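Peer 1: Have a look at this prediction, sequence included:
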Amino acid sequence: MEPAGEQRRASARGTAIEVFGAFLRLGLTSFGGPIAHLGYMRGEFVRRRGWLEDARFAQLLAVCQFLPGPASSQLGFAIGLLRAGWGGALAAFAGFTLPSAVLMAGFAGLALHLDTRYGAAIVHGLKLVAVVVVAHGLAGMARQLTPDLPRALVAAATCAFAVLAAAAWAHLVAILAGAILGARLCRGVTPPAAARFPLPYGRRMGLACLGLFLAGLAAALLAPAGSPGVAGLAAAFYRAGALVFGGGHVVLPLLEGSLVRGGWMDAGTFMAGYGAAQAVPGPMFSLAAFLGTEVPTGLPAPAGALVALLAVFLPGFLLVLAVLPFWSFLARWRHGPGMVAGINAAVVGLLAAAFLDPVLVQGITRPADVAIAAAGFVALASARLGPLWVVLGCVAASLALAFQGG
């Protein structure tokens, strides 16, 4: 491990203001979802600005993909940390997240006025967007994360379990079972290469962050169910952020289990917010700003959005801080890659269960919806149109049907 003094000097090459400006630019322009965000960040910080070399970028990406949480936001947080220390990490998060969070909170205010015929058509169009995007994400994740029979069986079993159990705790059980099965069935998975990072802190701080993460997760899991309040809202979003393996789409089943099945909001509102999240740049987790506004906690709408946002991002950031000082050791642990492979397969199963209900149930309500969703899927899969154009197309088609009385 590098001495603390060298770590501090290495991390002080930029300023928090510089980091904020760079990530704000990405937050305003990075459409396309988590995979696209990784490409934007590599182009911006490796090729254009030269803040880090390709090898170190690849290592940071391996860390963020190894951990639960929003990988693109965790990667940005880590880049800001290496560039300008603690202030840089917070500036990266703020710059990347602020535009989409403001837009999603604004959509929550607009949604109150969408109770007309054409407003309902817009909302239904957004539900169709969710069908398209989740189907596309599920297909891509299945190809990448279940490439062999053992992992495909783990995914299928997880999907069946999640559908039958129909409870929020089922997600945690499925992820734990995936880790255990993966350690036994996926021993041939190649581990990532190891590396050390120039950090502004040491292993003691890493252990403290791990302790905070575990304490927060325990509190979130033990929080009593019931009417929503500030503590309940924070617990639901922290729990989701701590258990999201596999990208932003996987937050859907975790939050749906707490918010919709818990009776805090109806499935239609939830799916409309998820659909709207496809139309804004920045991280998918900014959906929390919309949901935090909609949950009736008694807080002012901006406060509810802020609590939900901080709670859903915090566990992923704590894990990044905890793991970075120990990454060179963890990357060599023989059971680690297999456990991650099993978890990822379980995540595919969870997303498949969420696609069946509520995404498909809420989105496809008439024969014309099948045609609209199929066209959107083909457009997205062919890479000829980005998510924003799919949003516009689905909403326009839904409005056209409403205008014709269909």
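Peer 2: Thanks, I have the structure now. Numbers count the residues shown, from 1 in each chain.
Peer 1: going forward, measure contacts and count neighbours with C-alpha atoms only.
Peer 2: Will do.
Peer 1: Can you name every helix or strand that whatever helix or strand residue 143 lives in contacts?
Peer 2: Residue 143 belongs to helix 117-145 when assigned by DSSP states H and E. Packing partners of helix 117-145 (3 or more Cα pairs under 8 Å, 6 or more residues apart in numbering; DSSP states H and E): helix 267-277, helix 336-354, helix 361-363, helix 367-381, helix 387-404.
Peer 1: Out of these, which is closest to residue 149?
Peer 2: Among these, the nearest to residue 149 by Cα to Cα is helix 336-354 (10.7 Å).
Peer 1: Export that closest one to CSV, keeping only CA atoms.
Peer 2: Below are the C-alpha coordinates for helix 336-354, written out as CSV (Å, rounded to 0.1, in the frame of the first residue of the first chain):
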residue,chain,number,x,y,z
GLY,A,336,-15.1,-13.8,-5.3
PRO,A,337,-15.6,-14.1,-9.0
GLY,A,338,-17.9,-17.1,-8.7
MET,A,339,-20.0,-15.4,-6.1
VAL,A,340,-20.4,-12.3,-8.2
ALA,A,341,-21.3,-14.4,-11.2
GLY,A,342,-24.0,-16.2,-9.2
ILE,A,343,-25.3,-12.9,-7.9
ASN,A,344,-25.5,-11.4,-11.4
ALA,A,345,-27.5,-14.5,-12.6
ALA,A,346,-29.9,-14.1,-9.7
VAL,A,347,-30.3,-10.4,-10.7
VAL,A,348,-31.4,-11.4,-14.2
GLY,A,349,-34.1,-13.6,-12.6
LEU,A,350,-35.2,-10.7,-10.3
LEU,A,351,-35.5,-8.4,-13.3
ALA,A,352,-37.4,-11.0,-15.3
ALA,A,353,-39.9,-11.3,-12.4
ALA,A,354,-40.3,-7.5,-12.3
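Peer 1: Report the distance from that helix to the chain centre.
Peer 2: 14 Å (Cα atoms, centre = their mean, to the nearest Å).
Peer 1: what do you get for stretch 42-50?
Peer 2: With Cα atoms, centre = their mean as the basis, stretch 42-50 stands 23 Å off its chain's centre.
Peer 1: what is the rounded mean pLDDT of that stretch?
Peer 2: Model confidence over stretch 42-50, given as mean pLDDT, is 85.
Peer 1: ok, now stretch 87-99?
Peer 2: Computed over stretch 87-99, the average pLDDT equals 96.
Peer 1: neighbouring contacts of that stretch?
Peer 2: Stretch 87-99 has contacts (Cα atoms under 8 Å, 6 or more residues apart in numbering) with 15-17, 19-28, 73, 76-82, 281-283, 286.
Peer 1: thinking again about what came up before, nearest approach to residue 242 belongs to which of the helices and strands packed on helix 117-145?
Peer 2: That would be helix 336-354 among the helices and strands packed on helix 117-145, by Cα to Cα, at 13.3 Å.
Peer 1: what angle sits between the closest one and helix 117-145?
Peer 2: 150 degrees (axes from the mean of the first three to the mean of the last three Cα atoms, to 10 degrees).
Peer 1: In the stretch 301-406 of the chain, where is pLDDT below threshold?
Peer 2: For the stretch 301-406 of the chain, the stretches with pLDDT under 70 are 330-332, 383-387, 406.
Peer 1: For residue 227, what are phi and psi?
Peer 2: phi -70, psi 140 (degrees, to the nearest 10).
Peer 1: Distance of it relative to residue 98?
Peer 2: To residue 98, residue 227 is 29 Å away according to Cα to Cα, to the nearest Å.
Peer 1: Compare those two (neighbour count), which wins?
Peer 2: Neighbours per residue (other Cα atoms under 10 Å) separate residue 227 from residue 98, with residue 98 holding more: 18 against 12.
Peer 1: secondary structure element for the more buried one?
Peer 2: Counting by DSSP H and E, residue 98 is found in helix 71-111.
Peer 1: Just the angle for the helix holding residue 143 relative to helix 267-277, thanks.
Peer 2: Using the same axes, to 10 degrees: helix 117-145 against helix 267-277 is 70 degrees.
Peer 1: mind listing what's buried in helix 117-145?
Peer 2: 118-138, 141-142, 145 (16 or more other Cα atoms under 10 Å).
Peer 1: For it, give the mean pLDDT please.
Peer 2: 78.
Peer 1: Work out the gap between it and the centre of the chain.
Peer 2: Per Cα atoms, centre = their mean, the displacement of helix 117-145 from the mean C-alpha position of its chain is 15 Å.
Peer 1: How about residues contacting the helix or strand containing residue 23?
Peer 2: Assigned by DSSP H and E, residue 23 belongs to helix 16-29. Here helix 16-29 makes contact (Cα under 8 Å, 6+ apart) with 40-41, 76, 80, 83-84, 87-89, 91-100, 281-282.
Peer 1: Around residue 263, how many other residues sit close by?
Peer 2: Residue 263 has 15 neighbours, counted by other Cα under 10 Å.
Peer 1: who touches it in this structure?
Peer 2: Per Cα under 8 Å, 6+ apart, neighbours of residue 263: none.
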